[in-house]
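Trainee: Pasted the sequence and its predicted model underneath.
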Amino acid sequence: MMLKNTPYRWLAYMVGWFIFESFVGYSKRYDLTQESFTVFILISLLVNSICSYRLGKEKGKIAGGIIFIIGLVVCILIAFFIFAMALGVGMMH
């Protein structure tokens, strides 16, 4: 029996990436640099672009565009919260 792949698996890949990115950013909050934030943002944009393109290919261009914008906002929020957390830890020491 073969399982049919759904287009929503790309959403699961994006959510998985955001969880992984948050975990890595949280665990490395003491030694984060500006370069690491830039690398996280660029990799997130790449993952977001690939997943939203694939979703748009399977569900329609409008769905892909909406998911890209939502993913971009989530990516920026994750980066902001990791930066704020690192800034708070830096101010305590």
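Mentor: Cool, got the structure. In this text, all values refer to a predicted model and were calculated from it rather than measured experimentally.

Trainee: From here on, just use CA atoms for contacts and neighbour counts.
Mentor: Fine.

Trainee: so what's the residue most central in space within the chain up against?
Mentor: Nearest residue to the geometric centre of the chain (C-alpha atoms, centre = their mean): Phe18, 3.9 Å. Residues near Phe18 by C-alpha atoms under 8 Å, 6 or more residues apart in numbering: 44, 75, 78.

Trainee: swap the cut-off to 10 Å and go again
Mentor: Each residue near Phe18 by C-alpha atoms under 10 Å, 6 or more residues apart in numbering is listed here: 12, 24, 44, 47-48, 71, 74-75, 78.

Trainee: Is Thr6 in a helix, a strand, or coil?
Mentor: Local secondary structure at Thr6 is given as coil here, using DSSP: H, G, I helix; E, B strand; the rest coil.

Trainee: let's number from 152 now, not from 1
Mentor: Okay, residue one is now 152; in that scheme the one you just asked about reads as Thr157.

Trainee: And for it, the neighbour number?
Mentor: 10 (other C-alpha atoms under 10 Å).

Trainee: go on, Thr189?
Mentor: By other C-alpha under 10 Å, neighbour count at Thr189 equals 12.
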